[in-house]
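Asks: what would the 3D arrangement of this be:
(2 chains)
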Amino acid sequence: MGVFVNDYPDEAFIVRAALTSSFVALAIGGLMGIIQTLHRTGFYDSLISNADYYTVLTLHGVAMVLLFTIFFLVGFFQWAVTDSLGRSSEDIRITKLWYAMMVLGAGMSAVTILGGFVDAGSLSGVDADVLYTFYAPLEAHPLYYIGLATFIIGTWIAGFDWFRSWWAWKRENPDERTPLRTFMVLTTMLMWYLASLGVAISVVFFLIPWSLGIFESVNSLLTRTLFWFFGHPVVYFWLMPVYMMWYVILPKLAGGRLFSDPLARIVFVLFLVLSVPTGIHHQYVDPGIAEGFKFLAMTNTMFLLLPSFLTAFTVVASIEHGARQRGGKGYFSWLTALPWGRPAFTGMTLAGLMFAAAGFSGMINAGMSINYLVHNTLWVVGHFHMTVGTAVALSIMAATYWFLPIITGREIFSRRLGLAQVLMWFVGMVFMGNAMHRAGLAGVPRRTADPTYSQFDYTNTFGAVTELRFQIALGAVFLTTSLLLFFAHLVLSSFDIGERAAATPDSIPTPLSGPEHAPAVLDNIRLWTSVAIVLILLTYILPIASIVSDGGFLGSYGAIVVDQIAALLSPVLDTGGGVIG
Amino acid sequence: MEIHKYEKFWFGLSLLLIVGFIGTITYGAVGAGVQMVSDSGGTVEPSFSSINDHEKFAQQEDNRAVPVEGEEDKYEVGVVAQRFIFQPGTNNPIEVPEGSEVTFYITSPDVIHGFSVVGTNANTMVIPGQIAEITVEFDELEGDERKEYGLVCHEFCGAGHENMAGKIQVLPEEAWNSGGDA
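Replies: The predicted structure follows:
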């Protein structure tokens, strides 16, 4: 088997382009990260004003969680589909089209956000200081929403492109099981189609017309609910490529192979089925949504722990198997037989370790009554910096050390430098993550330029707030240094002056328990998608009907049309609201 | 399909943990009585005139909690969260008597805000059009000193958001009865 870049040069070009976009976003997001951390913690707050802080925060959020993660995902998925099916794109022009659309959309949104730095008047009204959640009636320039919509439509076409490859492959190989990597891509994309429908409806039908002045108002609870319809599954969209890495690449790096192909398929099916009907858990303390709907979302959320628990088992078992293949012995001493000198292995393993820790704070967030204590505090920020900010971001950076030779044909510059980089990220996030969690418990709010108030002091039982502030800033310095090392490494690798000139072979070993052990029903994605749709309807129809009957589609509380809809739906709604008290 | 016995064991354990989590939260809701913010507060058109006409906000003449008629130790406070103050709360601290049960009704005429009593689990979103209703129990004070709680807006609501905060003062019975500072 050859090297991907030689076998599929056109696809490898798109993969490299997508990764480049991803890392540009990472660089911008990282710069905004250090600026805002030093500002907020008070260590250096003269660079930007408090008002500009929110522009910085918006850019940090959009660049990191939408652009960095999703651009990497489309590049990685393109490789996964092409490589595992062993066939080129059906039409490379479509592949180029979706990439171009995503760049165009990202560019439009970025310009409007950057407009926030320019004084009002000179570029009158072009800004988007609305954070990445863009809760209406905070209003951004129309181009911000149009850019987001264009970006998302680009991802939809990408998914279509991959389905097309699969359909063509299926026609030629009617009796073969879908390769694991393609199966993972398809289930993830189906989840994404369902999830992004929420934000697409919100943006296209409400926010764009409203920002253009066609509608005077919007129903802010409705657009917020539609955002979270998308906003929770999007975290699995970030996570799924990483799960693919943990299932496919990590066991190989450990020296072995995946423990179980069927279990991997079950996990991805569970994510397809359960990811979307959980979004209301971000709205546990929202008025206007009955307690019963919140309880339902919580139940789904808790069951979503299952695929992650299963992943923990399979991945650790696969790593142990690899270690034993390399001569590892004993209950725990096999750990020493692992390839800790490889940044890809060490980075991904540390990312997984931190994901386990973050899983515990996630369970707290998911518990609807205990969530009162932490909702919208720094605790939540600590949680997602350890999940998307480490489990995902560190895995992506670590995997890049493995992935780069495959798509460029050149070995990376230095394993030691890579190792220092991933370790530094981990240490930085230990400081930042734990301090943010603890600050949240003391009641320090998120999303503010200055968390000190004249009205009160925080009483923190776990340490002084000044110490926590110091740890957060220290963590940010580590993380920024780590990023600088990462980018230096990418640049140095491109000069082909690495340790070895030849690229490593990139074949993925077959699992210990292969797809022949997986029941065929697992591959019936039509069935699983239908189950997902039914669950979504069950979870969302009643709360959305209730929100619309309260405030109409456009927030016209008390209008006549609304009364009619309310009367029409009232028998249904009464039943729904009575599930719990 | 072949599933390893360790996998089965792990699967069972995971399910047990999940069911356990749901069980404890259910107990918290039913047994300990932790209620979720829900749609009980009703709605109001998000404009100053409609909010001022609404009974829960119209009865709020100053910064003192309003006694609920016919119910001992029960009070209500109507709070308007707007860019970038709580009314009441920011200019004057909200005053409540010790040992009382106070229901807060909070709404917004402009954008989404947050309402959180720092260091406690009193925490809700404030969404235009919706009236958030949360009930908070205030303990008896140990001495005759007032006790203060911080109040913050925890959702970004525009440039100036970082200044949106206030106070709640728990008054000893005597100070409350003599009218507080209102």
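
Asks: all the strands of chain B, in order from the start?
Replies: Applying DSSP state E to chain B gives strands spanning B:66-67, B:74-82, B:85-87, B:94-97, B:101-107, B:113-117, B:123-126, B:132-137, B:147-152, B:165-171.

Asks: for residue B:45, which non-adjacent residue is spatially closest?
Replies: Leaving aside its sequence neighbours, residue B:45 sits nearest to residue A:557 (C-beta to C-beta, 6 or more residues apart in numbering or on different chains; 4.2 Å). Bear in mind the C-beta positions are built from the backbone N, C-alpha and C, glycine included.

Asks: show the model's pLDDT score for residue 58.
Replies: You didn't pick a chain, so chain A it is. pLDDT, residue A:58: 96.

Asks: should've been chain B
Replies: As predicted, residue B:58 sits at a pLDDT of 95.

Asks: same question for residue A:567.
Replies: 51.

Asks: show me which residues of the stretch 301-450 of chain A sit near chain B.
Replies: A:302-303, A:305-306, A:309-310, A:313-314, A:317, A:363, A:366-370, A:372-373, A:375-377, A:442-443, A:445-450 (C-beta under 8 Å from any C-beta of the partner chain).

Asks: tell me the residue of chain B that sits nearest chain A?
Replies: Using C-beta to the nearest C-beta, residue B:150 is the residue of chain B that sits closest to chain A, at 2.9 Å.

Asks: just to revisit the earlier point, in strands, which of the residues of the stretch 301-450 of chain A next to chain B appear?
Replies: Among these, no member lies in strands (by DSSP E).

Asks: mind checking which of those residues land in helices?
Replies: Judged by DSSP state H, helices contain the following of those: A:302-303, A:305-306, A:309-310, A:313-314, A:317, A:363, A:366, A:372-373.

Asks: for residue A:494, state which of those residues is nearest.
Replies: When those are ranked by distance to residue A:494 (C-beta to C-beta), residue A:314 comes first, at 35.1 Å.

Asks: contacting residues for that closest one?
Replies: By C-beta atoms under 8 Å, 6 or more residues apart in numbering or on different chains, the contact set of residue A:314 is A:247, A:258, A:259, A:260, A:263, A:264, A:267, B:7.

Asks: neighbour count for those residues - can I get that in CSV?
Replies: Compiled in CSV, those are given as follows (neighbours: other C-beta atoms under 10 Å in any protein chain shown):
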residue, neighbour count
A:247, 27
A:258, 28
A:259, 25
A:260, 26
A:263, 25
A:264, 31
A:267, 23
B:7, 19
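
Asks: what residue ranges in chain B score low on pLDDT?
Replies: Scanning chain B for pLDDT under 70 picks out B:1-2, B:182.

Asks: per-domain residue ranges of it.
Replies: Following automatic domain parsing, chain B resolves into domains at B:1-34, B:48-177.

Asks: buried set for the first one?
Replies: Buried residues in domain B:1-34, counting neighbours by 16 or more other C-beta atoms under 10 Å in any protein chain shown, are found at B:4, B:7, B:10, B:11, B:14, B:18, B:21, B:22, B:25, B:26, B:28, B:29.

Asks: what's around the closest residue to residue A:89 other than its chain neighbours, how many residues?
Replies: Distance criterion C-beta to C-beta, 6+ apart; nearest residue to residue A:89, sequence neighbours excluded, is residue A:95 at 4.6 Å. Using other C-beta atoms under 10 Å in any protein chain shown, residue A:95 is surrounded by 25 other residues.

Asks: before we move on, which element is residue A:95 in?
Replies: Using DSSP states H and E, residue A:95 maps to helix A:92-114.

Asks: after that helix, heading C-terminal, what element do we hit next?
Replies: Counting by DSSP H and E, the next helix or strand C-terminal to helix A:92-114 is helix A:142-172.

Asks: for that next one, what is the average pLDDT?
Replies: The pLDDT scores in helix A:142-172 average 97.

Asks: give me the buried positions along that helix.
Replies: In helix A:142-172, counting by 16+ other C-beta under 10 Å, buried: A:142-159, A:161-163, A:165-166, A:169.

Asks: repeat that for stretch A:338-348.
Replies: A:338, A:339, A:342, A:343, A:344, A:345, A:346, A:347, A:348.

Asks: swap in stretch B:143-156?
Replies: Using 16+ other C-beta under 10 Å as the test for burial, stretch B:143-156 gives B:146, B:147, B:149, B:150, B:151, B:152, B:153, B:154, B:155, B:156.

Asks: could I get those as a markdown table with distance to residue A:537?
Replies: Output for the buried residues of stretch B:143-156, formatted as a markdown table (distance: C-beta to C-beta, whole Å):
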| residue | distance to residue A:537 |
| --- | --- |
| B:146 | 52 |
| B:147 | 48 |
| B:149 | 42 |
| B:150 | 42 |
| B:151 | 39 |
| B:152 | 37 |
| B:153 | 35 |
| B:154 | 32 |
| B:155 | 29 |
| B:156 | 32 |
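
Asks: name the member of the ones in helices among the residues of the stretch 301-450 of chain A next to chain B with the most neighbours.
Replies: Greatest neighbour count in these, by other C-beta under 10 Å, goes to residue A:314: 25 neighbours.

Asks: gap between that residue and residue A:188?
Replies: As for residue A:314, its distance to residue A:188 is 17 Å (criterion: C-beta to C-beta, to the nearest Å).

Asks: now swap in residue B:7 and tell me
Replies: Computed with C-beta to C-beta, the distance linking residue B:7 and residue A:188 is 23 Å.

Asks: likewise residue A:385?
Replies: Residue A:385 is 23 Å from residue A:188, by C-beta to C-beta.

Asks: hmm, back to that, which of the buried residues of domain B:1-34 are close to chain A?
Replies: Answer for those near chain A (C-beta under 8 Å from any C-beta): B:4, B:7, B:10, B:11, B:14, B:18, B:21, B:22, B:25, B:26, B:28, B:29.

Asks: among those residues, which ones are in helices?
Replies: Per DSSP H, helices hold the following members of those: B:7, B:10, B:11, B:14, B:18, B:21, B:22, B:25, B:26, B:28, B:29.
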